[in-house]
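fold the stuff below for me.
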Amino acid sequence: MPTEMSEVSPREFDVIVYGASGFVGRRAARYLADHAQQASLRWAIAGRDHAKLEALAATVGNPPVFVAEGNDRAALDALAARTRVILAMAGPFALYADKLVYACVAANTHYADITGETPWVKSLIDRHHDTAAAGGTRIVPCCGFDSAPSDLGAYLCAQAARARGTECMTVKGFFQMSGGLNGGTLATLMMIGSDPEMNGMMRDPELLNPDDIRAAKTGALRDPTIASFDADITAWIAPFPMGPINTRVVRRSAALYEQWGESYGKMFGYQEYMAFPGPFGATTAATVAAGTMLAQNTIAFGSTRSLLQPLIPKPGTGPSEAAIRDGWFRCEFVGRTSDGQKIRALVSDRGDPGNAATVKFACEAALALAGDAAALPGGAGRGGVLTPASALGDVLVQRLRAAGMTLEVPVGKGAAAT
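Predicted coordinates:
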């Protein structure tokens, strides 16, 4: 049943979508407009362009509109003070959301976004984690396709292991999907790839871990670079381009749960890949592995990066509605327990991963923060710069299931085979 938001919120709004006039922001506004018909959701939209926001509002039930530039701290402070939750949908987030997070922490307003900018997330941890934790404010980046499916899939495996009286030692994630990229996502990738400092930070496999919870054997956590065959899914695999983002988020979740006395497992390890079943899997995996390395090198060097700029979609643009509707993703997870059991989990849905799925993940995360505080991991008083799994846990899993997404841990024959 939808949460009756007005019963739990003393503020003017439950959720404000910031960056609502962007490509995914517009879709998030439509998602919340649909939700508002089922629950007493008090919501608004905000961003930098008044005309675009007003035009959007007219198509989604005329929610209130607020204008706040990303560098206008006074306007952002006023915005954050009005609502229980800010859902930020406009990237690059290091450019447009940095002061917004400051405002949320100061106002004890929960925050969620869809960033995949892990170097920026690291800076949020360094600057805001302790203050947000003390105030019971949940700052939850990476709630889109980067990195919610990875984070929740590993979480499901760890919870299943705990239910069996054991613990998860490793989890591997295997992605299959069909979809496109929007201009905002590509702008973010270009920004990260062109910054040598950010590139260096992203090579740290435990970039987002607390300093006191880092593996002694970090070499085992290095990002894969070549194609190989994996017997657990009987398919050829290649490095997943988003793996250097998602794996850091999953490892932070595991580290936080360890701090809270709910360890995934001693020396827990997580890696992820793209999977290519079928007779041409080996060739496809090898091609993808080589293409991923080529793309990374092309973006990293200014002389070749400039050749790509005219070819990529502009921010605010993205795939057609038909392409978004016809997209899909399937993420299979295989966990190994300390006593030799194998645990399988699945996260999948219809719709373009980077647009439709991202909107569903992010909007349900915001709704969980707004209406389900007492049921969240650690109860209403827990805060900090968290992850989807550590901040929202089972609440987000249940909300996504109710929204039509598949999140399951098979327990039938073969699920616990060694």
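
show me where pLDDT drops low in the stretch 101-250 of the chain?
For the stretch 101-250 of the chain, the stretches with pLDDT under 70 are 181-195, 216-220.

quick one: the helices in it, in order.
118-135, 148-163, 183-193, 196-202, 243-259 (DSSP state H, counting those that start in this stretch).

just name the most buried of those helices.
By mean neighbour count, with neighbours taken as mean count of other CB atoms under 10 Å, helix 148-163 ranks first of the helices of the stretch 101-250 of the chain at a mean of 26. In this view, the C-beta of every residue, glycine as well, is placed from N, C-alpha and C.

surely residue 238 and residue 282 touch.
No. Using CB atoms under 8 Å, residue 238 is not in contact with residue 282; the gap is 10.1 Å.

the more surrounded of the two?
Under the criterion of other CB atoms under 10 Å, the comparison of residue 238 against residue 282 puts residue 238 first, with 24 against 15.

and that one, bridged to which residues?
Note on residue 238: beta-bridge partners by DSSP bridges are residue 274.

let me see the domain layout of this structure.
As assigned by automatic domain parsing, the chain contains the domains 5-145+356-402, 148-352.

chain neighbours aside, what residue packs nearest to residue 271?
Residue nearest to residue 271 in three dimensions, not counting chain neighbours: residue 172, with 5.5 Å by CB to CB, 6 or more residues apart in numbering.

with residue 347 as the reference, measure out to that neighbour.
Using CB to CB, to the nearest Å, residue 172 is found at 14 Å from residue 347.

residues shared between the contacts of these two?
Overlap of the contact sets of residue 172 and residue 347 (by CB atoms under 8 Å, 6 or more residues apart in numbering) consists of residue 333.

related to what we said a few turns ago, out of the domains of the chain, which one sits most buried?
Comparing those by mean count of other CB under 10 Å gives domain 5-145+356-402 as most buried, with a mean of 22.

run the chain-centre distance for that domain.
13 Å (CA atoms, centre = their mean, to the nearest Å).

cool, and stretch 352-363?
9 Å.

quick one: strands adjacent to the helix or strand residue 332 falls within?
Using DSSP states H and E, residue 332 sits within strand 328-337. Its sheet considered, strand 328-337 pairs with strand 168-178 (antiparallel), strand 342-350 (antiparallel) by DSSP bridges.

the residue lying farthest from the centre of the chain and residue 236, how far apart?
Going by CA atoms, centre = their mean, the residue of the chain most distant from its centre is residue 279, 32.4 Å out. For residue 279, the distance to residue 236 equals 10 Å [CB to CB].

now residue 120
Distance from residue 120 to residue 236, by CB to CB: 34 Å.

got it, and residue 164?
Residue 164 is 30 Å from residue 236, by CB to CB.

and residue 104, by the same measure?
For residue 104 relative to residue 236 (CB to CB), the value is 43 Å.

then residue 13?
Counting by CB to CB - residue 13 and residue 236 are separated by 49 Å.

about what we covered before: right, so of the domains of the chain, which gets closest to residue 409?
domain 148-352 (4.6 Å; CB to CB).

and that closest one, how far apart are its ends?
Counting by CA to CA, to the nearest Å, you get 15 Å between the two ends of domain 148-352.

ok now that domain, how far from the chain's centre?
With CA atoms, centre = their mean, you get 11 Å for domain 148-352.

which other residues reach stretch 276-289?
Under CB under 8 Å, 6+ apart, the answer for stretch 276-289 is 176, 225-229, 233-239, 274.

I'd like the residues you listed as TSV, with distance to residue 326 appended.
Listed next are these as TSV, based on distance: CB to CB, whole Å:
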residue	distance to residue 326
176	15
225	31
226	31
227	27
228	30
229	30
233	24
234	27
235	23
236	25
237	25
238	23
239	26
274	19
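
which of these sit farthest apart?
Taking CB to CB, no two of those sit farther apart than 225 and 234, at 22.0 Å.

ok, residue 252 to residue 12 distance?
32 Å.

if you could redo that for residue 295, that was the one I meant.
Distance from residue 295 to residue 12, by CB to CB: 45 Å.

quick revisit: which among the contacts of stretch 276-289 gets closest to residue 93?
residue 239 (24.1 Å).

wait, the closest one touches residue 290, no?
No. Residue 239 is beyond contact range of residue 290, at 10.3 Å (criterion: CB under 8 Å).

residue 118 touches residue 201, doesn't it?
Yes. The pair residue 118 / residue 201 is scored as a contact, 7.3 Å apart, by CB under 8 Å.

hang on, the earlier thing: can I get the strands paired with strand 328-337 in CSV including distance to residue 40?
Formatted as CSV, those follow (distance: least, CB to CB, whole Å):
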stretch, distance to residue 40
strand 168-178, 35
strand 342-350, 27
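
of all those strands, which one is nearest residue 325?
strand 342-350 (8.0 Å).

and the closest one, C-alpha only, in CSV?
Provided in CSV are the C-alpha atoms of strand 342-350 (Å, rounded to 0.1, in the frame of the first residue of the first chain):
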residue,chain,number,x,y,z
LYS,A,342,26.0,-20.9,-3.6
ILE,A,343,23.3,-18.2,-3.5
ARG,A,344,21.7,-16.7,-6.6
ALA,A,345,19.8,-13.5,-6.9
LEU,A,346,18.1,-11.6,-9.7
VAL,A,347,17.3,-8.0,-10.4
SER,A,348,15.5,-7.3,-13.6
ASP,A,349,12.9,-5.1,-15.3
ARG,A,350,11.5,-3.9,-18.6
